[in-house]
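Colleague: generate coordinates for the sequence data below:
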Amino acid sequence: PDPADVVHHAECAGATDVVREYALIAARRAAAFESNREAYSHYRRASDFSAELDPLEHADLLEELATAAYLVGRLDHAFEAIEAAIALHRRLGDRAALGRCVRVLSRFHWFAGDGAPARRKGLEAITILEPLGESIELARAYSGVSQLAMLADEGAQALSWGKSALELATKLGDESTRAHALVNIGCAKVQMDADETGPLLEAHEIADAAGEREDATRALGNLGFVLLSWARPVQALSYYRRALAYADRHEVHTYVSYGTTALAWLRLREGDWDEAERITQGEVERGMNIVQLLAQTVLAELAVRRGDPDASERLAELTVHADRAGEPQRIVPVIELTAETALTSGEPIPTERFEEFRERIRAPDGLRGRYALRLAAWAAVAGIEIELDQPVSGPHAAMLARDWSAAAAAFSELDWVYDRALMLSLLDDEPALVEAMEIARRLGAEPLTRRLTVRMRDLGMRVPKGPRRTTRENAAGLTARQLEVVELIVEGLTNAEIAERLVVSQRTAEHHVAAVLTKLGATTRREAARRASELRLVG
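Modeller: Numbering: from 1, shown residues only. Presented below is the predicted three-dimensional model:
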């Protein structure tokens, strides 16, 4: 019979001896079938009887439990199990197993948002394993440090450690570690050049073929995140959807949470603030790890842009956690938000962090790629010059050139309406400021609205009294863009025609239509049009 069924009935019958005999069998079977929640549950049962195992079997159980706990997002149990395994291996004098577990501990520290101990433990694993000679565990330790360097945007280090891992894994015929290393290398390449997507997609296929579901998911999810940070939302959305579908199919639950939160960030940038908040809010109540750190970033950005009373408190807390993680992907969005807060409040933009990162960008093996560009772009807003020795493109390139009009146009092409308004607010042109005011009011962006009011008065311009008809409050809580979509639905346009009219991709149009149907409580376009008429959302 299925060992899981045996455990279930034995537990109900109070047959402890049978549970003891079958729990670990059931756990390993579930893990083999990638039923990670079930595996974690059975490993927890098996751990109740671990005192009866010999030390080596006990250590194996602890390692397997740690992995299962990590995969289902129970980081507290993952730390507890792996640290107990480390203590056992240290006592048994098994250096190879000790190095393996220290490497795993490094990964857990990273996921908990603790950058410094993650890097320290990663290097410690190599120090333990190198004297033992070439091994699969050493190749994995090299790849682990490559991954940490990649996450810290240290491209040269990521490629160097990744190459060492790849060569050793290939020599030893270890496809799993080879896949892990290729994902790290692929990520490092696309971080430096947004068009270098090929190596990462190839790494996904290799990881999938090797049965390494976490790495296969990581390849797609990282590609989505990197492209989002390069301000390429359409491509990012495509890869995020692929990553989420893959992670859901193979129960890689930590990546489901991360990908969902990243999608919420895309919603926020598109102006769908309520939906972004709804998606994200649940993640911040589960402690603080990398997933929650991303969620906190999304909510802090929303709070800053709405002018929430707790915006400063959120930003201060986020700064602490981002600095603890120690990675540009965590720190740079905070620097941008700090600069944006100062800009919309009329205060001087703080320059200390820009100066700090300018030195990192100038270094021979310093920061390159999208975060160097974004920092330089916002430094330009602050009046600081940061020279880049890399190709630049997109809205941040226009910001770097202080061409606010071009930056606004570029953000408009991405359908990032608030960012467009923020760039328009830097111009002295009355039509531009009036448009920015209209966008800010309909989004509910109070700080930007106040900034524009002050600017227009200082420039001797008339401040519009209130929102236009198309920006009025509506009972369905639709965003400005969604109100436009409603009107086009009422006209009877298809998704392709809506995409053409709004100058967005068809996928983006489909997303807007789906969101409109949901908010109107409609299942068809005809029903949506009727509801829009009832609510007087269209003229």
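Colleague: following the lowest-mean-pLDDT helix or strand in the chain, which helix or strand shows up next?
Modeller: Least confident helix or strand, the chain: helix 506-520 with a mean of 80, by mean pLDDT, DSSP states H and E. Where DSSP states H and E defines the elements, the next helix or strand beyond helix 506-520 is helix 525-534.
Colleague: which positions within that following helix qualify as buried?
Modeller: By 16 or more other C-beta atoms under 10 Å, the buried positions in helix 525-534 come out as Arg525, Ala528, Ala529, Arg531, Ala532. For the C-beta atoms, the positions are set from N, CA and C on the backbone; glycine is no exception.
Colleague: name the residues that touch it?
Modeller: Ala476, Val486, Ile489, Val490, Val513, Val516, Leu517, Leu520, Gly521, Ala522, Val538 (C-beta atoms under 8 Å, 6 or more residues apart in numbering).
Colleague: my read: Arg95 touches Glu130, true?
Modeller: No - with contact defined as C-beta atoms under 8 Å, Arg95 does not reach Glu130; the gap is 10.7 Å.
Colleague: list only buried entries from the contacts of helix 525-534.
Modeller: When neighbours are counted using 16+ other C-beta under 10 Å, these contain these buried positions: Ala476, Val486, Ile489, Val490, Val513, Val516, Leu517, Leu520, Ala522.
Colleague: now render those as TSV, adding distance to Arg451.
Modeller: Output for those, formatted as TSV (distance: C-beta to C-beta, whole Å):
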residue	distance to Arg451
Ala476	29
Val486	29
Ile489	34
Val490	35
Val513	33
Val516	30
Leu517	35
Leu520	33
Ala522	37
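Colleague: now, which of those residues sits nearest Glu413?
Modeller: Relative to Glu413, the closest of those is Val513; by C-beta to C-beta it sits at 19.7 Å.
Colleague: so the closest one sits right up against Glu497, yeah?
Modeller: No - Val513 is not in contact with Glu497 according to C-beta under 8 Å; the separation is 11.2 Å.
Colleague: now the helices for the stretch 51-200 of the chain?
Modeller: Counting by DSSP state H, counting those that start in this stretch, the stretch 51-200 of the chain has helices at residues 55-71, 75-92, 95-111, 115-129, 136-151, 155-172, 175-192, 198-209.
Colleague: what's the angle from the shortest one to helix 175-192?
Modeller: For the pair helix 198-209 and helix 175-192, the angle between their directions (axes from the mean of the first three to the mean of the last three C-alpha atoms, to 10 degrees) equals 160 degrees.
Colleague: so which elements touch helix 198-209?
Modeller: The contact analysis (3 or more C-beta pairs under 8 Å, 6 or more residues apart in numbering; DSSP states H and E) places helix 198-209 against helix 175-192, helix 213-229.
Colleague: now do the buried residues in it.
Modeller: For helix 198-209, by 16+ other C-beta under 10 Å, it's Pro199, Leu200, Ala203, His204, Ile206, Ala207, Asp208.
Colleague: nearest to Phe354 among those?
Modeller: Distances from Phe354 to these, taken by C-beta to C-beta, are shortest for Leu200, at 29.9 Å.
Colleague: do you know how far that closest one is from Arg330?
Modeller: 21 Å (C-beta to C-beta, to the nearest Å).
Colleague: again, but for Leu294
Modeller: Leu294 is 8 Å from Arg330, by C-beta to C-beta.
Colleague: mind listing what the residue nearest to Ser47 when sequence neighbours are not counted touches?
Modeller: Nearest non-adjacent residue to Ser47, counting by C-beta to C-beta, 6 or more residues apart in numbering: Leu65, 5.8 Å away. Leu65 makes contacts with Tyr40, Tyr43, Arg44, Ala46, Ser47, His77, Ala81, as judged by C-beta under 8 Å, 6+ apart.
Colleague: neighbour-wise, give me the winner out of these.
Modeller: In terms of neighbours by other C-beta atoms under 10 Å, the contacts of Leu65 top out with Ala81 at 28 neighbours.
Colleague: so what's that one up against?
Modeller: Ser47, Leu62, Glu63, Leu65, Ala66, Ala69 are the contacts of Ala81 under C-beta under 8 Å, 6+ apart.
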